[in-house]
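Asker: quick one: sequence and predicted model below, then my questions.
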Amino acid sequence: MAHNFDLVIIGGGILGTSLSYFLSFLNKSKQIAVIEQAPRVAFHTSGRNTGKVHAPYLYNPEKKKMFAKAAFYGYEMWKTYSKIKDLPFKEDGVIEVSHDKKGTKVLEKYLKWGEQNGLNEKDIELLPQAELKKIEPEIKCHSALFVHRDASTDYSILTKSLMKDSKQNGIKFLLDTKVTDIKKQNDKWKIILNHEHEIFAKFIINAAGGESIDIAHSVNVARNLTDVHFRGEYWKAPKEYYNLTKTSVYSVPDFPDYPFLDPHWIIRVDGKCEIGPNAVPVFSPYGYKRSENLKEFVPKMLEMLGSGARKAIFDKQFQELAVNEIQSSMSKTVMIDRVRSFLPKIEPHKITEKGTAGIRSSVINDKGKFEPDVILIDDEMSFHILNYNSPGATGALPFAADIIHKLDKKGYFTNENFDAKCGPWKFNEIVEKISN
């Protein structure tokens, strides 16, 4: 399988595939490949989530300006793309509830952030309990933030469509193919696939999600960072609960500095309802089963104890939260009771079927703190996208365009035609919006 590529993207999640989508229009003569170890794109985190297209109300407009802009423009881009391709996209909104005055203060902050990030009074409004009762009588809360500019989709379907477009424009996808070694050889990367085949690349983009830190470490990048993995689990609601609310319902997180979110009431794009996710610590980005976690337990613990993650895992508050999440995994009632705090009509004994679990990987720095934002690291022959989490799927299209523009501007990977029409958009117009 010896082959030479101008660019190799490692990771066929929604971001890696979005990168390939735009590059396929911009570079008609270059050889570009996407390597994905799973049998299909968006097989892991990109396809194992709530399927929400988020409005940018959770993101500090000063500290998370890029994420907020990506979410704002990503909403419109997915809406347009889904309409053209006849793919699922339901503008159904989301409600975030508070249980007390302290939580309402958080909602007031979210409202302000949302407005600063481009939302208007038709997109988002803060409602007292009495007003919300008129719209959603089953919800119990102190107050609620009703975000109308929020939608539901299926990111697996969207990513598969992006791959199809990319392949039609000449991008090569190597599925069921794992990168097992990377070395510099002269002025190229020698990449070993599945321990036996080799390809060569002039430049690498690391968009490997749960394995992005490992890929970065393999080329001696981001050695001061490590990652920890959390499995998000879901429970499926029976049909009798499908009309309990008109919209999905979230609650204000008690500990926003940690990746532990209270489970949500989720209405998926197909109308089915679920409770989830929690955040159970696991030892592998693919730790869905006990066997995988047992296999990776020792090497992962040694890695964490030798890094800044040591400070996090010995932090008392982190340990308490982790134990609570493990309890929510072991006890269905513990997890469902969190949602019953705002939807008291739900009865745990009626919920008997588990949904699909997904794994989120969070990066910890050498001080033992969780990194709150995406981390971008450029090297002479590689570019690494680390800690790309929520609203990662929502903002994937504009964020991918911005990355491509950054690489071109720095001279790492020169594109052929910035005026190219990329499906329904002109590339330079996307860049202009996201960069301003």
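Answerer: Nice, thanks for sending it over. Numbers count the residues shown, from 1 in each chain.

Asker: can you give me the strands in the stretch 101-250 of the chain?
Answerer: Using DSSP state E, counting those that start in this stretch, the strands found in the stretch 101-250 of the chain span residues 124-128, 143-147, 151-153, 172-174, 179-185, 188-193, 197-206, 226-232, 235-236, 248-251.

Asker: longest helix in the chain, please.
Answerer: helix 65-85 (DSSP state H).

Asker: partner strands of the following helix or strand past it, with direction?
Answerer: Next helix or strand after helix 65-85 toward the C-terminus (DSSP states H and E): strand 89-90. Next to strand 89-90 in the sheet, as set by DSSP bridges, lie strand 151-153 (antiparallel).

Asker: for the longest helix of the chain, name the packing helices and strands.
Answerer: Where contact means 3 or more Cβ pairs under 8 Å, 6 or more residues apart in numbering; DSSP states H and E, helix 65-85 is packed against strand 52-53, strand 89-90, strand 151-153, helix 155-168, helix 396-410, helix 427-435. All C-beta spots, glycine's among them, are computed from the backbone N, C-alpha and C.

Asker: contacts made by that helix with the rest, please.
Answerer: For helix 65-85, contacts defined as Cβ atoms under 8 Å, 6 or more residues apart in numbering pick out 53-56, 59-61, 87-89, 91, 113, 117-119, 149, 151, 153, 158, 161, 373-374, 391, 394-399, 402, 423-425, 430, 433-434.

Asker: report the angle between that helix and helix 427-435.
Answerer: 140 degrees (axes from the mean of the first three to the mean of the last three Cα atoms, to 10 degrees).

Asker: pull the distance from helix 65-85 to the chain's centre.
Answerer: Counting by Cα atoms, centre = their mean, to the nearest Å, helix 65-85 is centred 14 Å from the centre of its parent chain.

Asker: number the residues from 466 up from this point.
Answerer: In the new numbering, first residue 466, that becomes helix 530-550.

Asker: what's the mean pLDDT across that helix?
Answerer: Averaged across helix 530-550, the pLDDT comes to 95.

Asker: so which of the helices and strands packed on helix 530-550 is nearest residue 738?
Answerer: Taking Cβ to Cβ, strand 616-618 is the member of the helices and strands packed on helix 530-550 nearest to residue 738, at 11.3 Å.

Asker: just the helices in the stretch 666-815 of the chain please.
Answerer: Using DSSP state H, counting those that start in this stretch, the helices of the stretch 666-815 of the chain run over residues 677-683, 755-770, 774-778, 781-795, 797-805.

Asker: by mean pLDDT, which helix or strand of this protein comes out lowest?
Answerer: Every helix and strand of the chain was ranked by mean pLDDT, DSSP states H and E. The lowest is helix 781-795, at a mean of 86.

Asker: in the longest helix of the chain, what counts as buried?
Answerer: 531-540, 542-543, 546-547, 550 (16 or more other Cβ atoms under 10 Å).
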